[in-house]
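> only geometry, no sequence info:
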């Protein structure tokens, strides 16, 4: 596969973020629901999704192994954790071999506490093998998560 092919796969995997950015630019409120299926479908069966975060950050932080765990995260857990996801910047794609780094910025509300996370620059590192995502690593400042989930209930 060429780097253009790999970037095309990354664009397909990130179509939910592209759509959310476009909705924001068009002033569509509320935005269309996030469709995580293209991203999930791009993962290999033994794919890994990682979110490095402060130690002890429950729920979203850590490592999710296998397509079923990734599917559960995005389709069952994630909708209960945040609301109002806004993609603040257009997605940028940088490719080197079978790795694509996607850069953008988010804003969202953490449902548990109502904390608003704005201007969250993120890097999504996608490693591909045989046309599938083998490892995806989302890098962002998750201090709001650590604060929200370290509070006593």
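Okay, I see it. Just so it is clear, the model here is predicted, and its values are computed rather than measured. Numbering: from 1, shown residues only.

> Correct me if wrong: residue 104 contacts residue 85.
No: taking contacts as C-beta atoms under 8 Å, residue 104 lies outside contact range of residue 85: 11.2 Å. The C-beta positions use only the backbone N, C-alpha and C, and glycine is treated the same way.

> If you tally nearby residues, what's the number for residue 119?
By other C-beta atoms under 10 Å, 10 other residues sit near residue 119.

> Can you give me every residue that contacts the nearest residue in space to it that is not next to it in sequence?
Closest residue in space to residue 119, ignoring its immediate chain neighbours: residue 105 at 6.0 Å, by C-beta to C-beta, 6 or more residues apart in numbering. The neighbourhood of residue 105, defined by C-beta atoms under 8 Å, 6 or more residues apart in numbering, consists of 87-89, 119-122.

> what about stretch 32-43, average pLDDT?
The average pLDDT within stretch 32-43 is 93.

> what comes into contact with that stretch?
With contact meaning C-beta under 8 Å, 6+ apart, stretch 32-43 is reached by 9, 12-16, 19-20, 23, 49, 67, 70-71, 74-75, 78, 85, 132-133, 136.

> Closest to the mean position in this structure, which residue would that be?
Centroid-nearest residue in the chain: residue 138, 6.2 Å away (criterion: C-alpha atoms, centre = their mean).

> wait, isn't that residue in contact with residue 120?
No: counting by C-beta under 8 Å, residue 138 sits too far from residue 120 to count as a contact (10.5 Å).

> In contact with residue 87, which residues?
Here residue 87 is in contact with 17-18, 20-21, 24, 104-106 (criterion: C-beta under 8 Å, 6+ apart).

> Need phi/psi at it.
phi -90, psi 110 (degrees, to the nearest 10).

> Repeat that for the one 3 residues further on.
According to degrees, to the nearest 10, the main-chain angles of residue 90 amount to phi -60, psi 150.

> Looking at it now. What's its pLDDT?
97.

> Renumber starting at 14 from here on
All set: I'll call the first residue 14, so the last point we hit is now residue 103.

> wait, what's in contact with it?
Per C-beta under 8 Å, 6+ apart, neighbours of residue 103: 34, 117.

> Quick check: the gap between it and residue 65.
Distance, residue 103 to residue 65, using C-beta to C-beta, to the nearest Å: 24 Å.

> can you check residue 119 too?
16 Å.

> Just want to know which of those two has more residues nearby.
Higher neighbour count among residue 119 and residue 65: residue 119, with 19 against 13, using other C-beta under 10 Å.
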